[in-house]
Every structure is written in structure tokens, then in C-alpha cells.
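1. I'd like to go over a predicted model; first the sequence, then the structure.
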Amino acid sequence: MIFKPSGESTIKPSNIKQVPQDAEVRSAIRAESLRIASASFTNSPPDRTELEFHGIHLLSSMQERLEYLGFAMVELSNAFWKRRYAATPFNRRLLLLPHCLRDQKACRGTYDSVGLNCAGCGACDIHSLKSRADELGYQVIIAEGTTSVIMKVLDNEADAILGVACLDSLEKSYERVSNLGVPMVAVPLLRDGCKDTEAEISLVKRIMELRTEDRQQDYLSYVPMLRHTRSIFAIRNLERHLATVFDRSPDGGFSTETDRISYEWILEGGKRFRPFITLAAYGVAKHGDIVMEEGANLESLIPDSVRHIAIAIECLHKASLVHDDIEDGDNWRYGDDTLHHRYGVATALNVGDFLIGLGYLLVSRQVSDIGADVTSDILAHLGAAHLNLCRGQGAELMSVSNGSENLKPLEVLSIYAQKTSKAFEAALFAGLRSAGYQMDKELLSRFSSYLGQGYQIVNDLDDWSESEENKVHMGQDFLSCRPTILRAFASEKGSNIPTAQDVQSGMVSIQEVRELYESMGAFTKADALVDLLKARCLTIADQIEKKPIGNLLRFLVNTILAHTG
């Protein structure tokens, strides 16, 4: 369902996203997809290459147009997931609808941070679909994008997804969802265009009502570990883990505002991906694939000492966010005011410093459980990551203050590596070392370097996303004068690149800057660089002798470097 042909294919993505308008053709493709899936797909979800290969073969055998390849890939994926989806209880499913199905003139719904709240006026198909979903016990989200959906899955609120969207949106969401191993069945819109769209309503309802007790054999998934990680930061659990590090007053409250603000900031927002890396690395290094099995007792398989180290890594990450927001002049974080906007710069700086101290304290306290040598090694890696983060952030700040926005691509990549790569390396190392496993230092460093650089490039691409999921204004890094790989690529093509001041003065619009980047091939180059870094990471993952660890590295690559393209 990621419609980007691999290998030497010359098919252009824009030419393979047509939905057959003939109902008989759609039905025939769906029937053939079921036959191919039952014969060709194992218990592992098909990847992009498999979907593309079988999709091309399917259309060729049916003598249908190659423009339907995207649709065929959706149906092949559906064929694999449908039984697992149908075996999921209704109250564990989520229906994702596009708000473009609404009647814009008649709609009385209102929007919040998640999406559209249907007013139940009955003026469009959304009301009909939502009403039936509510009757069955589904959760319903009416929005573009997948962030809210993924958070529902990670918060253990949904185990399967039925998505209705255009092929473009499915392309942008599938990789992120499927990599988690979550059953997802999709119904492409018959007609898109972002307003007054059309869907196969009767088909959506039939899929919505599918139910079977015949669940196919499960496969290994990181969802249980991701959920376990997030549960650690639930207030009831975090209170237990941090009971001895915060000063409390006799009535049970916090004795200082610094303690209170810091504690609440740890609780707030975020996907908790860095602590997940530590916990998952420990789990697979110590126990192998057992930690990925459904029903695995992660409470007993992972000791509190490792959880405390994972919390420490999150504390250090949270501290860096506080400081970055101040240095970058950002106003929003997690959909709310940044800490320095709420409490002032001085208080926010102090909270950031407090969290740094808390992070190192939590690690140092585990010496009796994991040993002095292991504790020392982990602290050394965290310290090195901390220094490199400051060096990278400092280089970025100097670039902004000196007005040297047009850095060369290698200079930007160096900043990215310092800011992010060592943090990923420290999180991985902490988990592996706690389990008694020592990965080859050179491989770990190279893997983390490629992963960190790729992560920052994906952020650059997402910063220019025009999707609803991009809650802030497009091009925020450009407007903040921060060096990015996109600007670096554009600068290679010409020196007359607009500045943030040009946009602020009205000389050029941010959309025109985006179009300029597009015409100069900056987005294409950035996409290609992400693919190259991804390939390098996967090559290193293949060299890891312990298979569960190599598989974890592949999961990190496919998750962190998934981008909308």
C-alpha cells in the first residue's frame, strides 16, 4: 500500500492511484486478491515489494490497467488482514473516516485537536457510518492522518483499524500502521479531491460488521512492548517508580514548584519511543522473541532497574526539549504552550536542569542491580550523547545567529548526527548493556548515525507537509532560520533562496518557497537520502548475529524512517 515502485520500475506514483469506477472491476480485483493472498502470503504481513509484485501480476493476468496498481495493493493487503480484523472484538476496533466525506454547506460539526465531532445532523454519510459504528461499539475518529489512530493503539484502546481514505492518504499512513503489526482494512474513496468525496458506504458497513472467532495464528509484534513502555508513564506507575526522587510535603503534594512542574512535564505528551528502544533492546537481548509474544508477562521479564534507566532516558530527552524550545523560540509543544511560555524562561531552564540531574541520578541508583561496570558504561554513553547534543544544537544556533542559513548538505548532516544520533545510540546501548550484550561498537555507532540523520531529514520533510496532521504552520524550520537539508539541497542549485524575512515582509509566500524547493529537486533528493540511509541501516541490521536484535533494528528503521514522501 506504499505506492512507490521498487527496483528499476519506471511507473510514476501519480499514475498508479486510480480507483476503478466500474463496480464489477473492483469486485474482480478483490476476489483475485483473496486468491493470491491465501496462496502467497505467510503469517507475516506482506511488505511493499510483495504488494507491488503481486499487484502488477494480478492486473496483468486480468488484463487491467496498471493505473489501478495502488488499488490492487490495498486489496491485497486487505486480503491478508481481513480475518485478523474480523477476529477482533467490535469494541477493540477503530473506524477512521475522512472529514472530506461531510457536506461542507450543511455540516454542523465542530473540530477539536483530534478531528471532526459529528453533530448528528444526518446531512452526509459520516452520520450514517458513525451511527452504525457506535451501535457496534467501535471507536470513531474523523480526521486525516494517523497520529491519533496510532496513539489509540499504543494506549491499548484499539487492536484493529478500518480506514476510509483516498489512495494518497492510505499511502502516507499504511507504512506507519502496518509496521506495528496492527490489522488494518482500508476502503479507498471512489472520488477524492478533499471535499464532497464519495465512498462505497455499503461496503464500509459490511466490513464494519465482519465477525469471526476463527483467528489465524498470531505473529510477533512490538505493540505489547510499546504499550508497556507507555504504561510506565501512566501516573499510577510513574508515581511508584519516582517515589523516592521527588521531595514531598506532609500532605502528599510536592514540596517545591520545581518538583511539581518537572513531574508534570514527564507525564505530558510524547510517544515514549526512546525509552521503548531501551526496554525493547533489553528484552530481545535477554529473552529473545518471547517479549514480542501476545500475552508475554513483561512485568516479570523486565526488571525495575531497566525501567528506571528507560525513565532516565526520557527525563534527559524531556530536558532537551525544554531547552530546545527556549533556544529555538518555539511556542507550542504537545499541542499546548511550551514551558517557558507558561512559567517564564528562567523557571523553564531550571526545570530542564532538574530533569538532567534526575536522569543521571536514576541511572546511578541501579548500580546494586546491574553492577558498577554496566552502570558506568551506560552513564558514559549518556554523557557523550549529552555533549554531542549540545555541540549540534550549538552549531545550529551559531548558524542562525551568524545568518549563515545556506550550509552545505554535509554540514547539515553533521549537525543532525550530533543532535540525534548519539541519543539513539545511548538508548540502544543502555538496553543491550543492561542485558549483558555488547554490540560491536563500530556497527552500533554507524547504525545510530544513519538512523539519527534519517530521522532529522524525515522531520524536515514533515515540516513542509500540507496535511491536516501538521498542526503547526508549514515551514516552521524555514521561518525560524534553522539550517535544514532541504535548504542545503536548494542552495546547491542557486544562491537566490528566499529568507524568512522575505516571507515575513510579504515579498514571497511560504507556499512559493515550498514550490521553489520542489522545482529545485530538494524534496526528491531528501527522499532519496532517507532511502539511502535506511538501506545502510538495514545492511547493518543484517550483520547482527543475534537475530532478535537484528529484527529490532529493522523495526526501528522502518518505524523511525517512515515518511510521507
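-> That came through fine.
2. where do the helices sit along the stretch 301-450 of the chain?
-> Counting by DSSP state H, counting those that start in this stretch, the stretch 301-450 of the chain has helices at residues 304-328, 339-343, 345-364, 367-370, 372-401, 409-416, 422-434, 441-463.
3. oops, could you answer that again for the stretch 151-300 of the chain instead?
-> Using DSSP H, counting those that start in this stretch, helices in the stretch 151-300 of the chain cover 167-178, 201-208, 223-232, 235-241, 257-267, 273-287, 298-301.
4. which strands or helices does the second one pack on?
-> What it means is helix 201-208. Judged by 3 or more CB pairs under 8 Å, 6 or more residues apart in numbering; DSSP states H and E, helix 201-208 is in contact with helix 125-136, strand 160-165, strand 184-188. Using the backbone N, CA and C atoms, a C-beta is placed for each residue, glycine as well.
5. Ala319 is nearest to which of these?
-> Within those, the stretch nearest Ala319 is strand 160-165; the backing value is 34.5 Å (CB to CB).
6. got any ranges where this protein has weak pLDDT?
-> For the chain, applying pLDDT under 70 flags the ranges 1-14, 43, 113, 145, 192-196, 215-218, 403-405, 466-472, 495, 563-565.
7. what's the domain layout of it?
-> As given by automatic domain parsing, the domain ranges for the chain are 1-83, 87-213, 223-560.
8. can you give me the end-to-end distance of the longest one?
-> It refers to domain 223-560. With CA to CA, to the nearest Å as the measure, domain 223-560 spans 15 Å from end to end.
9. that domain: how far from the chain's middle?
-> Centroid displacement of domain 223-560 relative to its chain, using CA atoms, centre = their mean, to the nearest Å, is 12 Å.
10. and for the first one?
-> Centroid displacement of domain 1-83 relative to its chain, using CA atoms, centre = their mean, is 25 Å.
11. before we move on, what about stretch 82-90?
-> Distance, centroid of stretch 82-90 to centroid of chain: 24 Å (CA atoms, centre = their mean).
12. report the buried residues of it.
-> Using 16 or more other CB atoms under 10 Å as the test for burial, stretch 82-90 gives 82-88, 90.
13. what of stretch 109-122?
-> So for stretch 109-122, counting by 16+ other CB under 10 Å, buried means 109, 115-116, 118.
14. and these, which of them are in strands?
-> Using DSSP state E, the subset of the buried residues of stretch 109-122 located in strands is Leu116.
15. JSON lines for the buried residues of stretch 109-122, including distance to Glu545?
-> Compiled in JSON lines, the buried residues of stretch 109-122 are given as follows (distance: CB to CB, whole Å):
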{"residue": "Gly109", "distance to Glu545": "55"}
{"residue": "Gly115", "distance to Glu545": "46"}
{"residue": "Leu116", "distance to Glu545": "50"}
{"residue": "Cys118", "distance to Glu545": "53"}
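16. just the closest of the buried residues of stretch 109-122 to Ile309, please.
-> Among the buried residues of stretch 109-122, and counting by CB to CB, the member closest to Ile309 is Gly115, at 36.4 Å.
17. which ones are touching that closest one?
-> Remark: with contacts taken as CB atoms under 8 Å, 6 or more residues apart in numbering, Gly115 is in contact with 99, 141-144, 148.
18. and the gap between it and Arg333?
-> Relative to Arg333, Gly115 is positioned 21 Å away (CB to CB, to the nearest Å).
19. cool, Ala522 as well?
-> 27 Å.
20. the more surrounded of the two?
-> Ala522 (26 against 19; other CB atoms under 10 Å).
21. that one and Ala490 touch, don't they?
-> Yes - using CB atoms under 8 Å, Ala522 makes contact with Ala490 at a distance of 4.5 Å.
22. list just the one of the helices of the stretch 151-300 of the chain that sits closest to His381.
-> Using CB to CB, the nearest of those to His381 is helix 273-287, at 11.1 Å.
23. hmm, who's touching that closest one?
-> Contacts for helix 273-287 (CB under 8 Å, 6+ apart): 222, 225-226, 228-229, 232-233, 291-292, 298, 301-302, 306-307, 309-311, 313-314, 317, 423-424, 427-428, 430-432, 434-437, 546, 548-549, 551-552, 556, 559-560.
24. got the CA positions of it in CSV?
-> What follows is helix 273-287, C-alpha atoms only, in CSV (Å, rounded to 0.1, in the frame of the first residue of the first chain):
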residue,chain,number,x,y,z
PHE,A,273,9.9,6.0,21.7
ARG,A,274,13.3,6.5,23.3
PRO,A,275,12.5,4.6,26.5
PHE,A,276,10.9,1.9,24.3
ILE,A,277,14.2,1.5,22.5
THR,A,278,15.9,0.8,25.8
LEU,A,279,13.3,-1.6,27.1
ALA,A,280,13.0,-3.5,23.7
ALA,A,281,16.8,-3.7,23.4
TYR,A,282,17.0,-5.2,26.9
GLY,A,283,14.0,-7.6,26.2
VAL,A,284,15.3,-9.1,22.9
ALA,A,285,18.9,-9.3,24.1
LYS,A,286,17.9,-11.0,27.3
HIS,A,287,14.9,-13.1,26.4
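25. and for the nearest residue to Ser178 once chain neighbours are set aside, the neighbour number?
-> In space, and not counting its chain neighbours, Ser178 is closest to Pro45: 5.7 Å by CB to CB, 6 or more residues apart in numbering. Residues within reach of Pro45, counting by other CB under 10 Å, total 21.
26. Gly181 versus Pro45, what's the distance?
-> Counting by CB to CB, the gap from Pro45 to Gly181 is 7 Å.
27. which neighbours do these two have in common?
-> Tyr219.
28. hang on, Ala28 packs against Leu59?
-> No - between Ala28 and Leu59 there is no contact, the gap being 10.6 Å when judged by CB under 8 Å.
29. who has more neighbours out of the two?
-> Remark: of Ala28 and Leu59, Leu59 carries more neighbours, 20 against 15, as counted by other CB under 10 Å.
30. may I see the buried residues of the helix or strand encompassing the more buried one?
-> For Leu59, the element it lies in under DSSP states H and E is helix 48-62. Within helix 48-62, the residues that count as buried by 16+ other CB under 10 Å are 48, 50-56, 58-59.
31. and the next helix or strand after that helix, what does it pack against?
-> Next in sequence after helix 48-62, counting helices and strands by DSSP H and E, comes helix 69-86. For helix 69-86, the elements it packs on are helix 23-40, helix 48-62, strand 160-165, helix 167-178, strand 184-188, judged by 3+ CB pairs under 8 Å, 6+ apart.
32. what angle do the shortest one and helix 201-208 make?
-> Between strand 184-188 and helix 201-208, the angle comes out at 180 degrees (axes from the mean of the first three to the mean of the last three CA atoms, to 10 degrees).
33. run through who's touching strand 184-188.
-> With contact meaning CB under 8 Å, 6+ apart, strand 184-188 is reached by 1, 19, 70-71, 74, 77-78, 81-82, 85, 160-167, 170, 174, 177-178, 199-200, 203-204, 207.
34. how does it look with 6 Å?
-> Contacts to strand 184-188, defined as CB atoms under 6 Å, 6 or more residues apart in numbering, come from residues 19, 71, 74, 78, 81-82, 85, 161-164, 167, 170, 177, 203-204, 207.
35. now those: which count as buried?
-> Buried among these by 16+ other CB under 10 Å: 19, 71, 74, 78, 81-82, 85, 161-164, 167, 170, 177, 204, 207.
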